[in-house]
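In: Quick check, what structure comes out for this input:
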Amino acid sequence: MLSAIENLSKPQPVIKPRKWISFAVLVLTALLANAADSTAQKREPQLSFTVSMPKPHTHMFEVELQVTHGAGEWPQQELLVMPVWTPGSYMIREFARHVQDFSALEASGKPLQWEKRDKNSWRVETKGLPEWRVSYRVYANELTVRTSELNSDHAFWNNAALLMHPEGHLNAPSTLRILAPETWKVAIGLPPTPGRKNTFSAQNFDLLYDSPVEVSNFKTIAFDVKGLPHRIVIHGDGNYDSERVRADIKKIVDGEIELMGGETPYHDYTFIIHLRANTGGALEHLNSTAINFPPFNFKPEPRYRGFLGTVAHEFFHLWNVKRIRPDALGPFNYTRENYTKLLWVAEGITNYYANIVLRRAGFITDTEFLGSTAKAFQDLQNTPGRLVMSAEEASFDAWIKFYRQDENAVNSQVDYYDKGAILGLLLDLEIRKNSKGAKSLDDVMRSLYEQFYKTNRNYTPEDFQKVCESAAGTSLETFFAKYVRGREELDYNAALEAAGLRLVTGMTPPSDKPMETAWLGADLAEQNDRLIVTRVYAGSPAYEQGLNAGDQILALNNVRADKTFVESRIGEKRPGDLVSFTIFRFNELSTMLIRLGGRLDAFYRIVPVEHPNEEQRQVYKSWLGADLPAPATSALHSSL
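Out: Prediction:
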């Protein structure tokens, strides 16, 4: 049906004077009705959440949501929706599976009828009431950065895993009141509501769902940067040095703010750190992050640098992802997958900058940076899936592949974190080379921030390529077609040459002579006193001759086998030798003959070129903040 305005834009019949008054009334009535409908659509209810934990040891959160509408008529039915995923972790996690004991009430306490419509939504018969409420309980006993945990020691949750929203009202403002044991404190990135204890405000659900909560007797380490408060909230004990952690994280924050042009697009920032054995992972949020880390991995130094690398990665997400948003990543649809081909930028280039920031802050040397880079090259080259899946495909299929890897993943997939970080490094050097050192990937990130975040736009793969080309001053179509959208082997040396470097492979120091060794092509692990094949590499002797993941190896050449025995015996063999494996497969005993293959002992090193020119020296120095070493004295290799 055409609106009144649209009708007026059409050729109109001649109207006699006596009909003008009634016609004007009709038009005015239609316009007012349209305006009223528009106003009604923009009105949002006031939402008040209360999360309590009266019996923490039961792992049960109790949640109440009170919905208050303003004056006017409201629907007879309303739908409450629980998200199925949380931003930053690209897999459907079905948070509604932990919900129980749902109920709905009028403001007077009289029950309202309701029914569960599908896996994650509840329809409430609200009868057009201006105020009503629901309550439910959520089981929480899984400490990851994506999920929730409640026990007698602490409470941690992601609001997307705990709080429902009324359908169509993601822009509604809300408050979150937290009722916790008296001795526990609350850490959250949301601003407090004045005059209300442990109550916080969110302008909309994108902010609410992007603010994880830690409630416990945590320790706090605080510092300021540019006059803005930052706090490190630590739950658990470990071998960390509080003052060193404070100083080092502050140095990372300072460095990344400088890298991104000096602006601080936030009012405060909270690092939530859980120290727990056998845990790990981290997740970015708008002005906070949650990090899980083993409690005694702050020593020795390489493990501590791993912690700092995680901090640097998550804090860089403050810009890359949370504000510089790929096409589909915000505003979010919380009920289904949000597909993008740009996770290699969102996560991989963030990984690259985590290492760059550690170098620029002085936590690692240029030699160590290049050593870890050489190892990353080697790890990628040892992944058959690099020739099967592109970086864009890995990004797009994260929802069904990245978090569900099996024994064949190494043959069919590539990691958008790892390959994305390498692509970031190669792009950085390509831009420096083509711009003759005038521009870098830093300029790309700052341009994305200016062009897209500040104009409230998301960027597409085409946008990203154009910004890179603008910095480089030339087309990068071949690079993106071959290495980002395509699956061709990366040309490491084409990029490294810009900084006076080259990659050396296939040699074993100190002899620097090619050495071919016997090769089986399978990963083994000891599980409950059994030696199990965990992975078989495509194209390897094991793969081609029938050894399977899941096989239990009992003996090698009729001698009882454990992992050390098998690896050492194969190490003594030569390519082409025949070996006998006695295995259990599905509880059936059999013997298998495998002819070992051969491969070069491919030790990867990044070394200076023989005769670097001044431009290469300048690129190296601007990139890694050090002088390019002389070839004869270089010891740049994969030592980390």
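In: Could you chop this structure up by domain?
Out: 4-42, 46-217, 319-501+611-640, 516-600 (automatic domain parsing).
In: How much space separates residue 242 from residue 236?
Out: Residue 242 sits 13 Å away from residue 236, going by CB to CB, to the nearest Å. Every C-beta, even on glycine, is put in place using the N, C-alpha and C of the backbone.
In: more neighbours, the two?
Out: Set residue 242 next to residue 236 and count neighbours by other CB atoms under 10 Å: residue 236 wins out with 19 against 12.
In: who touches the more buried one in this structure?
Out: Going by CB atoms under 8 Å, 6 or more residues apart in numbering, residue 236 touches 274, 275, 276, 295.
In: The strand or helix carrying the first one - contacts with which helices or strands?
Out: Okay, so that is residue 274. Using DSSP states H and E, residue 274 falls within strand 269-275. Contact here means 3 or more CB pairs under 8 Å, 6 or more residues apart in numbering; DSSP states H and E; on that basis strand 269-275 packs against strand 185-188, strand 228-235, strand 288-293, helix 301-316.
In: can you put the ones you listed in a markdown table and add distance to residue 268?
Out: As requested, the helices and strands packed on strand 269-275 are exported to a markdown table (distance: least, CB to CB, whole Å):
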| stretch | distance to residue 268 |
| --- | --- |
| strand 185-188 | 11 |
| strand 228-235 | 5 |
| strand 288-293 | 9 |
| helix 301-316 | 13 |
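In: my read: residue 261 touches residue 446, true?
Out: Yes: counting by CB atoms under 8 Å, residue 446 is a contact partner of residue 261 at 5.1 Å.
In: of those two, who's got more company?
Out: residue 446 (19 against 13).
In: Could you identify the helix or strand that succeeds the helix or strand harbouring the more buried one?
Out: Here residue 446 sits within helix 441-448, counting by DSSP H and E. Next helix or strand after helix 441-448 toward the C-terminus (DSSP H and E): helix 461-472.
In: For stretch 237-245, give the mean pLDDT please.
Out: The average pLDDT within stretch 237-245 is 98.
In: which residue is nearest the centroid of the protein?
Out: Most central in the chain under CA atoms, centre = their mean is residue 88, positioned 4.3 Å from the mean C-alpha point.
In: Torsion angles phi and psi at the closest residue to that residue other than its chain neighbours?
Out: Closest residue in space to residue 88, ignoring its immediate chain neighbours: residue 283 at 4.8 Å, by CB to CB, 6 or more residues apart in numbering. Here is the backbone geometry of residue 283 (degrees, to the nearest 10): phi -140, psi 130.
In: dump the residue contacts of residue 283.
Out: With CB under 8 Å, 6+ apart, residue 283 has these contacts: 86, 88, 89, 145, 146, 158, 212, 289, 290, 314.
In: again, only using 6 Å
Out: 88, 145, 290 (CB atoms under 6 Å, 6 or more residues apart in numbering).
In: And the helix or strand hosting residue 64, what does it pack against?
Out: Applying DSSP H and E as the criterion places residue 64 in strand 60-68. If you count contacts as 3 or more CB pairs under 6 Å, 6 or more residues apart in numbering; DSSP states H and E, strand 60-68 packs onto strand 46-52, strand 131-139.
In: would you list the ones you listed in JSON lines and tack on distance to residue 480 and mean pLDDT?
Out: Shown next, in JSON lines, are the helices and strands packed on strand 60-68 (distance: least, CB to CB, whole Å; pLDDT from 0 to 100):
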{"stretch": "strand 46-52", "distance to residue 480": "44", "mean pLDDT": "98"}
{"stretch": "strand 131-139", "distance to residue 480": "44", "mean pLDDT": "98"}
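In: got these as TSV, with mean neighbour count and distance to residue 453 columns?
Out: Formatted as TSV, those follow (neighbours: other CB atoms under 10 Å; distance: least, CB to CB, whole Å):
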stretch	mean neighbour count	distance to residue 453
strand 46-52	19	27
strand 131-139	19	34
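In: Dump the ones you listed to TSV, plus distance to residue 334.
Out: As requested, these are arranged in TSV below (distance: least, CB to CB, whole Å):
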stretch	distance to residue 334
strand 46-52	15
strand 131-139	16
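In: Out of these, which gets nearest to residue 462?
Out: strand 46-52 (38.2 Å; CB to CB).
In: And the contacts of the closest one?
Out: Residues contacting strand 46-52 (CB under 6 Å, 6+ apart): 61-66, 68, 163, 172, 174-179.
In: Neighbouring strands - and their directions - for it?
Out: strand 60-68 (antiparallel), strand 174-179 (parallel) (DSSP bridges).
In: Identify whichever of those strands lies nearest to residue 592.
Out: Taking the strands paired with strand 46-52 one by one with CB to CB, strand 60-68 is closest: 51.7 Å.
In: Show the average pLDDT along that closest one.
Out: 98.
In: Okay, buried residues for it please.
Out: 60, 61, 62, 63, 64, 65, 66, 67 (16 or more other CB atoms under 10 Å).
In: The residue nearest to the first one when sequence neighbours are not counted: what's it in contact with?
Out: Translated: residue 60. Using CB to CB, 6+ apart and skipping residues adjacent in sequence, the residue nearest residue 60 is residue 137, 5.1 Å away. By CB under 6 Å, 6+ apart, the residues touching residue 137 are 60, 62, 100, 101.
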